[in-house]
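In: Below: sequence and its predicted model.
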Amino acid sequence: MCSWCWGFSPVMQRLKASFPANDIRLVLTPFRIDTMQPMDDALRNYVLGQWHNVHKATGQPFDFSFAMPIDFIYNTRLVCLSIKAFSKQLPEQELDFLHTLQHAFYTENKDLANEEILIELTSNYAIDQTLFADDINNNEIADELESDFKLCQQLAIQSYPTLMAENDSSYAMLASGYTPYEELVVRIEASVTS
């Protein structure tokens, strides 16, 4: 749920189309995972500035009129759990669902900290919504999310988005921060041949 990850979404869609889906693994990061305080003016202005930077660099759409209301709490835990719950049923469409969530947040001003909205956003997928809702609150799903966070810590991920190549449980950095598709393909091909 970082704006640069939304900017990176078209790149991920192209990568998904170019490489076998089972070769791409989404690992969720603890970005703003347990924020409990509403955003203050300084943080709100910083985030809005980032949205403008992402839009200018990538062309991705934003609804700038939203600009996060005064009482907005930017907590991503529930949306991360929803991605894990979705993946339990439709792992091959995980990146599509991520795109749906990002689009809803950045262009439609949907509050992704609202479980009813998350359930509603699954309506275009062949998914059991009751099971999805149950899984969001499932300890097994929470453990899977914590495993992602631990991997991010082990790999010292500090910039989003990050793309890494995995080979026999070792990792190589392909991108730390937004990187255009054409540049990434060269790096991916080089990592495969090395």
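Out: The structure has been received and is ready for your questions. For clarity, every value in this text was computed on a predicted model and none was experimentally measured.
In: ok, residue 4 touching residue 54?
Out: Yes - Residue 4 lies in contact with residue 54 (Cβ atoms under 8 Å); the separation is 5.7 Å. C-beta here means a position set from N, CA and C on the backbone, and glycine is covered the same way.
In: which one of these two has more residues nearby?
Out: residue 54 (21 against 18; other Cβ atoms under 10 Å).
In: Spatially nearest residue to that one (excluding sequence neighbours)?
Out: Leaving out its chain neighbours, the residue that sits closest to residue 54 by Cβ to Cβ, 6 or more residues apart in numbering is residue 7, at 4.0 Å.
In: Now do that neighbour against residue 39, distance only.
Out: 20 Å (Cβ to Cβ, to the nearest Å).
In: which of these two has more neighbours?
Out: The residue with more neighbours, out of residue 7 and residue 39, is residue 7; 24 against 19, by other Cβ under 10 Å.
In: Mind listing what's buried along the helix or strand hosting that one?
Out: Using DSSP states H and E, residue 7 sits within helix 3-18. Using 16 or more other Cβ atoms under 10 Å as the test for burial, helix 3-18 gives 3, 4, 5, 6, 7, 8, 9, 11, 12, 15, 16.
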